[in-house]
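Visitor: build the 3D model from these lines:
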Amino acid sequence: MKHSAFIFIDSLRVMIFVSVQLLIAITNSILMKRGDKFEKSNSQAKVSMLVPTRNEERTIKQCVQFLLSQTYDNLEIIVLNDDSTDQTAEILNRIKSPKLRVIGGKDLPGGWIGKSWACEQLSEQAGGDYVLFIDADTILEPDTIRCAMSVMTQEKLDLLTLMIKNQTASFGEQITVPFATYSIFTILPLAIPYLFPRSQTFCTANGKFMLFRKQFYDKIGGHRSIFDNAVEDIALAKLVKKNSGKWRMYDGSKLISSRMYDSFQEAYQGFTKNYFALFNYRLLVALFVWFWIGLITYYPFGFIVSSLIKGSYQSEFYYAIIAIIITALLWLLTSIKFRFPKRFLVYYPVIIAIAIITGLRSIILTISGKTVWKDRIIKRRRFRLI
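Guide: Below is the predicted model of the structure:
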């Protein structure tokens, strides 16, 4: 085998790596049980549905209306208006229901991430046995809470987080939003944190739907314990595992949908806020992962082009073709499982390129303290090399 001059890599190794990804995706597909397929329970425990909002005039009305349409009876809805400067407050004031309570947010303390501070205030107001944190752009089908409570009670969970259907209306959203779902589905083997009760490795969560047993949420310190973490959902899931809690990530794509962003620029900025935090601000680890993702994506294409130019069709050439086919299959499986358009498998190289650029930008802006989200500057973070 001939290896690249700059790194020990060849088409066979890339093919083996993406084959492992395929195995992870198949395993995760089995382990991510459908939240709507559980036998409905008769639980009457009270659920507090908590929604932090800041400048959400585009989505908040629909979000709250779907929350009010839930078939689960014993619930309360608390929405916190975090100093919105648009029409969010006016829209909320026009929605009348005895189940809905709207509260105003307090000033953001130094060092806190805005969303975590809003969620902390919401949790202090919650009177339920269970607390559900959802984003203001999230739509829950009427049976969602009933299904989720069935999962919680039958599996005796401390935290249930659900993967959702991400709506991607514009091309800009289609080349930014799917990467996060793809990464969870094909790179993180859920079998490891499922099998090892206290293992935080590969433990993740989706902040758009996090249902906690309130007693356990309080036990781990709630959002106060991760007040300055830009990926508060993953940080909380790891805290649950650290404290021997039972956590599951299941498939809620038939129950929950969201249009996270409505433009490329908004998505680009949103993921810039998060990507470096995913690596716990470890610089060399982040750089290596982004480099490796780029390598396994583009090396097979480069090798095939080089072979065609040279007229050389040795085994490496066919390994490269197989690697591309497997990667396209991974994108197809992701699209089927989470209801993305299947055309994503055609332009996945563009999605990967945008993700890498966003990841590098996230590193630069985080270290320099120039990350801005919802008109707030996120404080500069100290980073580690490894």
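Visitor: ok, the most centrally placed residue in the chain - contacts?
Guide: The chain has N206 as the residue nearest its centroid, 4.2 Å off, counting by Cα atoms, centre = their mean. Residues near N206 by Cβ atoms under 8 Å, 6 or more residues apart in numbering: T161, L162, M163, I164, D233, M249. In short, each C-beta sits where N, CA and C put it, glycine included.
Visitor: which ones are touching the first one?
Guide: Contacts for T161 (Cβ under 8 Å, 6+ apart) come out as A205, N206, F209, M210, L211, D233, A237, W247, R248, M249, Y250.
Visitor: max-length helix in this structure?
Guide: Counting by DSSP state H, the longest helix found in the chain is helix 283-310.
Visitor: picking that back up, export the contacts of T161 to CSV and tack on pLDDT and secondary structure?
Guide: Putting those into CSV (pLDDT from 0 to 100; DSSP: H, G, I helix; E, B strand; the rest coil) gives the following:
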residue, pLDDT, secondary structure
A205, 96, coil
N206, 96, coil
F209, 98, coil
M210, 98, strand
L211, 98, strand
D233, 96, helix
A237, 97, helix
W247, 96, strand
R248, 97, strand
M249, 97, strand
Y250, 97, strand
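Visitor: where along the stretch 101-250 of the chain do the strands fall?
Guide: Applying DSSP state E, counting those that start in this stretch to the stretch 101-250 of the chain gives strands spanning 130-133, 138-140, 159-163, 165-166, 210-213, 247-251.
Visitor: surely A237 is in contact with W247?
Guide: Yes: here A237 reaches W247: they are 5.7 Å apart, a contact under Cβ atoms under 8 Å.
Visitor: between these two, what contacts are shared?
Guide: L159, T161, C203, A205.
Visitor: most neighbours out of those residues, which is it?
Guide: Among these, the one with the most neighbours (other Cβ atoms under 10 Å) is T161, at 26 neighbours.
Visitor: enumerate the beta-bridge partners assigned to that residue.
Guide: Beta bridges link T161 to M210, M249 when assigned by DSSP bridges.
Visitor: what's the distance between stretch 313-324 and the middle of its chain?
Guide: Stretch 313-324 has its C-alpha centroid displaced from the chain centroid by 33 Å (Cα atoms, centre = their mean, to the nearest Å).
Visitor: export that stretch as PDB, just CAs?
Guide: Written as PDB, here are the backbone C-alpha positions of stretch 313-324 (Å, rounded to 0.1, in the frame of the first residue of the first chain):
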ATOM      1  CA  TYR A 313      -7.000   1.000 -11.100                       C
ATOM      2  CA  GLN A 314      -5.500  -1.000  -8.200                       C
ATOM      3  CA  SER A 315      -7.300  -2.200  -5.100                       C
ATOM      4  CA  GLU A 316      -7.000   1.200  -3.500                       C
ATOM      5  CA  PHE A 317      -9.100   2.700  -6.200                       C
ATOM      6  CA  TYR A 318     -12.000   0.300  -5.500                       C
ATOM      7  CA  TYR A 319     -11.600   0.800  -1.700                       C
ATOM      8  CA  ALA A 320     -12.100   4.500  -2.300                       C
ATOM      9  CA  ILE A 321     -15.300   3.900  -4.300                       C
ATOM     10  CA  ILE A 322     -16.600   1.600  -1.600                       C
ATOM     11  CA  ALA A 323     -15.900   4.200   1.100                       C
ATOM     12  CA  ILE A 324     -17.900   6.800  -0.900                       C
END
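Visitor: what comes up buried for it?
Guide: Using 16 or more other Cβ atoms under 10 Å as the test for burial, stretch 313-324 gives E316, F317, Y319, A320, I321, I322, A323, I324.
Visitor: thanks a lot, catch you later.
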